[in-house]
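Colleague: Quick one, what's the 3D model for this:
(one chain, ligands or ions: 3)
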Amino acid sequence: MSDADYLDRIPNNVDLSSNRRLQRALEEWQPKFLDWWREMGPDGFQTKDAYLRTAVSVDSRGWAHFDYVKMPEYRWGIFLAAAEPGREVNFGIHKGSAAWQEVPGEYRGVLRRLIVTQGDTEPASVEQQRYLGRTCPSLYDLRNLFQVNVEEGRHLWAMVYLLDAYFGRDGREEAEALLQRRSGDPDKPRILAAFNEKTPDWLAFFMFTYFTDRDGKYQLCSLAESGFNPLSRTCRFMLTEEAHHMFVGETGIGRIVERACQVMRDQGADDVRKCGAIDLATLQRYLNFHYSVSLDLFGSEISTNAANYYTMGLKGRFEEAKKDDDHTLKDATYTVEVLAGDRVVQAEESALTTLNERLRDDYIADCQRGVDRWNQIIRRAGIDFELRLPHRGFHRTIGHFAEAKISPDGRVLTQAEWDARHSEWLPTEQDAVFVASLMQPVTERGRFASWIAPPTRGINGNAIDFEYVRQV
Ligand code: BYC
Ligand code: FE
Ligand code: FE
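Modeller: Residues are numbered from 1 along each chain as shown. Ligands and ions are numbered 1, 2, ... in the order given. Below is the predicted model:
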């Protein structure tokens, strides 16, 4: 393949053609990515036309192009948000110096690790969602799944670009390793725990895109504040795509809630499952699981790693630049919830070591907004039920709450109490079997599975019964 041809196939705004070394590195990586995509990407449908959006520029008015494309031919491009002239490091000990255009030598290892951790989640999620196409509730939803999958693939490209462009040989090795780890594989697992869980059904998929992709939003927002300018610009553009992933999650759950409410209103509260819809109690258990697993992704409440990332100017707070304080946080404190024996209490801690918890707080507030909208659907249907985010300490495996058993309402439990009650709070084997029984593919244009209401509108101005994925 000639260079020009190759360059045609990687849309980019990083002037790839003028950087031979980088071009060669990406050229070597591309076929390995495609091998990975074929082996671990969506199962089936690889030869079908899917109506997908492709990033073709970073222009806020027209960055996305919609058309039919076969997934392996998707143009995974490299896009950075526009450079801000004169940008500075906005926080930490280097606050006020010019933002770095190259990796500061002393932070090389730390920065590489942050980029690798971010990059690892992207292919992991594609692997987790690999088999969902087989049981799609509609062509509209199937297309949204594939859209999320190709964009997570592009996010992997975004991180591999940084590794190849700025980290030389070890960057190239990390880029290869990103294609070698496998979600859920005990011998070569993905880095973060949530990305080794299964996403076995569409309820889990919608919960994942609501809760876990939202961790992505908050992590990307704090990396977008980075003093390392290429990382900042890369993450800022990734965030524009992320919004759609969370939209898929929020509206997916909303439509399942709507369907459950319809059945409860029309047939009676006890018939939801019999009518092939998902009862709200099961939904709450799935919510509890995905929310708690996603909370773990923020790391420990007290973290010297987080303090260091901040002090070094590598990873900021959510909306760092908008905050009105000294942006060094040396003497500042922050209130966090901690365990004190059999109680959860508030404690004042250093603002630097509690940065993970602060980001988790921002995340929790954001999660609550969507839950409120789901509850509005329930209230409007005249049904007396409220979905709730469980306490932040519930079902945690990272941080100090991992040492205890906490109920959804925030009480510290004995092991015996937990054993007796956890099946009320987390998806049970029967829930999984029931939800699995509903997962029958619906691929007729304009039709939807019994457990989910149609969306209010189609994609990119198209009708709901548009042929979002062509069958032939
Ligand atoms: N699982 O100081 P601590 C996304 C490790 S999602 C396993 O508490 P730190 C997406 C930690 O590495 C966004 N291990 O944590 C969503 C450390 O190890 P060492 C992904 C964990 O370092 C959907 C030790 O425990 N992006 O984009 O402050 C679909 C103590 O750690 C976990 C990022 O994560 C865990 N959950 O913070 C597709 C951003 N948590 O040092 C995509 C980059 C902690 O003892 N990553 N550990 O060996 C980071 O900023 C940080 O690594 C973390 C952890 C926030 C994840
Ligand atoms: Fe992503
Ligand atoms: Fe995402």
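Colleague: near ligand 2, which residues of the chain?
Modeller: Residues of the chain that fall close to ligand 2, judged by C-beta under 5 Å from the ion: 122, 152, 155, 216. Heads up, the C-betas are built off the backbone N, CA and C, glycines and all.
Colleague: can you do 8 Å?
Modeller: 121-122, 125, 151-152, 155, 213, 216, 220, 238, 241-242, 245 (C-beta under 8 Å from the ion).
Colleague: ok, Cys221 touching Phe318?
Modeller: Yes: with contact defined as C-beta atoms under 8 Å, Cys221 counts as touching Phe318 (5.1 Å).
Colleague: Longest helix in this structure, by number of residues?
Modeller: Counting by DSSP state H, the longest helix found in the chain is helix 229-267.
Colleague: The helix or strand that that one is followed by close to ligand 1?
Modeller: Moving toward the C-terminus from helix 229-267, the next helix or strand (DSSP states H and E) is helix 280-296. Yes: part of helix 280-296 sits near ligand 1 under the criterion C-beta under 6 Å from any ligand atom, namely Asp296.
Colleague: what element comes up after helix 280-296 heading to the C-terminus?
Modeller: Following helix 280-296 in sequence order, the next helix or strand is helix 304-311 (DSSP H and E).
Colleague: What is the helix or strand just after that following helix packed up against?
Modeller: Going down the chain from helix 304-311, the next helix or strand is strand 333-340, by DSSP H and E. Here strand 333-340 touches strand 343-350, helix 355-380, going by 3 or more C-beta pairs under 8 Å, 6 or more residues apart in numbering; DSSP states H and E.
Colleague: rewinding a little: between the residues of the chain next to ligand 2, which sits nearest Val469?
Modeller: Among these, Glu151 lies closest to Val469 (C-beta to C-beta), at 16.1 Å.
Colleague: Can you name the residues that contact that closest one?
Modeller: By C-beta atoms under 8 Å, 6 or more residues apart in numbering, Glu151 lies in contact with 241, 244-245.
Colleague: which intervals of the protein have sub-threshold pLDDT?
Modeller: Judged by pLDDT under 70, the chain has its weakly predicted residues at 1-9.
Colleague: at 80 what do you get?
Modeller: 1-9, 60-62 (pLDDT under 80).
Colleague: what number of residues lie near Pro200?
Modeller: 16 (other C-beta atoms under 10 Å).
Colleague: Over to Asp409?
Modeller: Neighbours around Asp409, by other C-beta under 10 Å: 9.
Colleague: Once you drop chain neighbours, what's closest to it?
Modeller: Among residues not flanking Asp409 along the chain, His391 sits closest, at 6.3 Å (C-beta to C-beta, 6 or more residues apart in numbering).
Colleague: Nearest residue to the residue of the stretch 351-472 of the chain found nearest ligand 2 in space, please, no chain neighbours.
Modeller: At 15.4 Å from ligand 2, Tyr363 is the closest residue in the stretch 351-472 of the chain, using C-beta to the ion. What sits nearest to Tyr363 in space, not counting adjacent residues and going by C-beta to C-beta, 6+ apart, is Tyr218, at 4.8 Å.
Colleague: dump the residue contacts of Gly446.
Modeller: The contact partners of Gly446, taken as C-beta under 8 Å, 6+ apart, are 463-465.
Colleague: possible to save the residues you listed as a markdown table with neighbour count?
Modeller: Shown next, in a markdown table, are the contacts of Gly446 (neighbours: other C-beta atoms under 10 Å):
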| residue | neighbour count |
| --- | --- |
| Ala463 | 12 |
| Ile464 | 17 |
| Asp465 | 15 |
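Colleague: of those, closest to ligand 1?
Modeller: Closest approach between the contacts of Gly446 and ligand 1, by C-beta to the nearest ligand atom: Ile464, at 26.0 Å.
Colleague: wait, that closest one sits on Pro455?
Modeller: Yes: with contact defined as C-beta under 8 Å, Ile464 reaches Pro455; the gap is 6.3 Å.
Colleague: residues shared between the contacts of these two?
Modeller: Contacts common to Ile464 and Pro455, judged by C-beta under 8 Å, 6+ apart, are Tyr140.
Colleague: host element of the residue of the stretch 51-200 of the chain found nearest ligand 2?
Modeller: The nearest approach of the stretch 51-200 of the chain to ligand 2 comes at His155, 3.6 Å away (C-beta to the ion). Using DSSP H and E, His155 sits within helix 139-166.
Colleague: now Arg108
Modeller: Under the criterion of DSSP H and E, Arg108 resides in helix 108-128.
Colleague: which strands and helices sit next to that helix?
Modeller: helix 20-40, helix 139-166, helix 168-180, helix 213-224, helix 304-311.
Colleague: same thing but 10 Å
Modeller: helix 20-40, helix 139-166, helix 168-180, helix 202-207, helix 213-224, helix 229-267, helix 304-311 (3 or more C-beta pairs under 10 Å, 6 or more residues apart in numbering; DSSP states H and E).
Colleague: Output those helices as a markdown table; include the columns distance to ligand 1.
Modeller: A markdown table is the format used below for the helices and strands packed on helix 108-128 (distance: least, C-beta to the nearest ligand atom, whole Å):
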| stretch | distance to ligand 1 |
| --- | --- |
| helix 20-40 | 14 |
| helix 139-166 | 5 |
| helix 168-180 | 12 |
| helix 202-207 | 11 |
| helix 213-224 | 3 |
| helix 229-267 | 7 |
| helix 304-311 | 3 |
